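S.K.: can't give you the sequence, but here's the structure:
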């Protein structure tokens, strides 16, 4: 099972989010983290249904939390 989102999946996640962090709403330009809503380390799948676009700060503070 692959851990990283593909380039296409990342583009779709950015479009779905409106180029804003799904957690804090901060606008990001090109740099964002494609995050697993249900963590990969806990069995979460790498697909669009389980993905979200987060800013760096929100993703790093989230860690492996659900």
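M.R.: Yes, it's here. Everything quoted here is computed from the prediction, not taken from an experiment.
S.K.: which one's the longest helix in this protein?
M.R.: The longest helix of the chain (DSSP state H) is helix 7-17.
S.K.: could you name the helices and strands sitting against the next helix or strand after it?
M.R.: Using DSSP states H and E, the helix or strand that follows helix 7-17 towards the C-terminus is strand 33-36. Under the contact definition 3 or more CB pairs under 8 Å, 6 or more residues apart in numbering; DSSP states H and E, strand 33-36 sits against helix 7-17, strand 51-54, helix 56-62. In this view, the C-beta of every residue, glycine as well, is placed from N, C-alpha and C.
S.K.: tell me the mean pLDDT for strand 33-36?
M.R.: Averaged across strand 33-36, pLDDT comes to 97.
S.K.: partner strands of it, parallel or antiparallel?
M.R.: Neighbouring strands of strand 33-36 in its sheet, by DSSP bridges, are strand 51-54 (antiparallel).
S.K.: lowest average confidence, helix or strand, in this protein?
M.R.: Comparing every helix and strand of the chain by mean pLDDT, DSSP states H and E singles out helix 56-62 as the least confident one, with a mean of 93.
S.K.: would you mark the buried spots in that helix?
M.R.: 58, 59, 62 (16 or more other CB atoms under 10 Å).
S.K.: out of these, which is nearest to residue 48?
M.R.: For residue 48, the nearest member of those is residue 59. The distance, counting by CB to CB, is 16.9 Å.
S.K.: give the contact list for that closest one.
M.R.: Residues counted as contacts of residue 59 (CB atoms under 8 Å, 6 or more residues apart in numbering) are 33, 35.
S.K.: over to residue 5?
M.R.: Residues near residue 5 by CB under 8 Å, 6+ apart: 13, 34, 46, 51.
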